[in-house]
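Asker: Let's see this in three dimensions:
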Amino acid sequence: MKKRKVDIVVISDVHLGTYGSHANELLDYLNSIKPKKLILNGDIIDIWQFRKSYFPKSHLKVVKRIIDLASKGTEVYYITGNHDEMLRKFSDTFIGNFHVLDKLILELDDKKAWIFHGDVFDASVQHSKWIAKLGGIGYDYLILINRFVNWCLNKIGKEPYSFSKKIKASVKKAVKHISDFETTATDLAIENKYDYVICGHIHEPKILLKENKLGSTMYLNSGDWVESLTSLEYHKKRWKLFQYEKPKFVEEENLFEMEESLTN
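Answerer: As a prediction, this is how the structure comes out:
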């Protein structure tokens, strides 16, 4: 299969090791591209919710594919997030083409990009970590139930439905949290004269020009591989959001993996 050449790919919030992770779809995507730089912007492996009983082959294949890309010349940057914060003790580690960092600044065609996960702006992560972890477990099971419901809907020819997106859209605090996150990130980026600020963390894929009285910056969020199945791609001096269209058979395969895990 001919692979698409891309200058930079940014993915985040894959949450390998949880029931919600769409590892098969991500592997399919990674097998379809040939990036010069691959930026893993946090929460790739979910160490918070890691279970010895659940790390299927599809999740291991994603890790292997990332290593393969690095061995074949792709510069891979692993930027730590809150769910994989244990890796922060290895920050500024360089092994061949593989780098572990807390943040990354890139020069892109005379413009400057500031790239980090984004949990530094989340008060629940910084001050009440146990609440954030409890919420993460609840979210994982919500996604598991949602995927079973969507499998049933698919069988009867109905469109899929997202519980968490419905909750986010209907809860004013969630909407405000996302807006505050974007404003904080972009205000700091403008103050420090960054042309792009690139985050993950909040699972909301977006490309948006943000302005204040000091100037403007482009805010980009890579989304996630739990629900949105999105990445950011930079090629020929232009950013775009990529959204994966998942084949129905992959959804069924993931459901089988989850059922198998729960019965063991």
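Asker: show me where the stretch 1-150 of the chain has helices.
Answerer: Using DSSP state H, counting those that start in this stretch, the helices found in the stretch 1-150 of the chain span residues 23-31, 57-71, 123-127, 129-155.
Asker: Name the residues of the second one that are buried.
Answerer: When you say that, I think you mean helix 57-71. 58, 59, 61, 62, 65, 66, 69, 70 (16 or more other Cβ atoms under 10 Å). Backbone N, C-alpha and C define where each C-beta goes, glycine included.
Asker: which pair in the residues you listed spans the largest distance?
Answerer: 58 and 70 (19.6 Å; Cβ to Cβ).
Asker: For stretch 200-215, output the C-alpha coordinates as PDB.
Answerer: Output in PDB follows, covering the C-alpha atoms of stretch 200-215 (Å, rounded to 0.1, in the frame of the first residue of the first chain):
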ATOM      1  CA  GLY A 200      -4.400  17.600  23.500                       C
ATOM      2  CA  HIS A 201      -5.900  16.600  26.900                       C
ATOM      3  CA  ILE A 202      -9.500  17.800  26.500                       C
ATOM      4  CA  HIS A 203     -10.400  15.500  23.600                       C
ATOM      5  CA  GLU A 204     -11.800  18.300  21.500                       C
ATOM      6  CA  PRO A 205     -10.200  18.400  18.000                       C
ATOM      7  CA  LYS A 206     -10.000  22.000  16.700                       C
ATOM      8  CA  ILE A 207      -8.100  24.500  14.600                       C
ATOM      9  CA  LEU A 208      -9.000  28.000  15.500                       C
ATOM     10  CA  LEU A 209      -7.500  31.500  15.100                       C
ATOM     11  CA  LYS A 210      -7.600  33.200  18.500                       C
ATOM     12  CA  GLU A 211      -7.000  36.900  19.000                       C
ATOM     13  CA  ASN A 212      -6.700  39.300  21.900                       C
ATOM     14  CA  LYS A 213      -5.400  42.900  22.300                       C
ATOM     15  CA  LEU A 214      -1.800  41.800  22.100                       C
ATOM     16  CA  GLY A 215      -2.100  39.800  18.800                       C
END
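Asker: So which residues lie in contact with that stretch, not counting its own?
Answerer: Identification of contacts with stretch 200-215 by Cβ atoms under 8 Å, 6 or more residues apart in numbering yields 12-13, 41-43, 81-82, 117-119, 122, 177-178, 181-183, 186-187, 190-191, 193, 216-224, 226-228, 230, 232, 239-241, 243.
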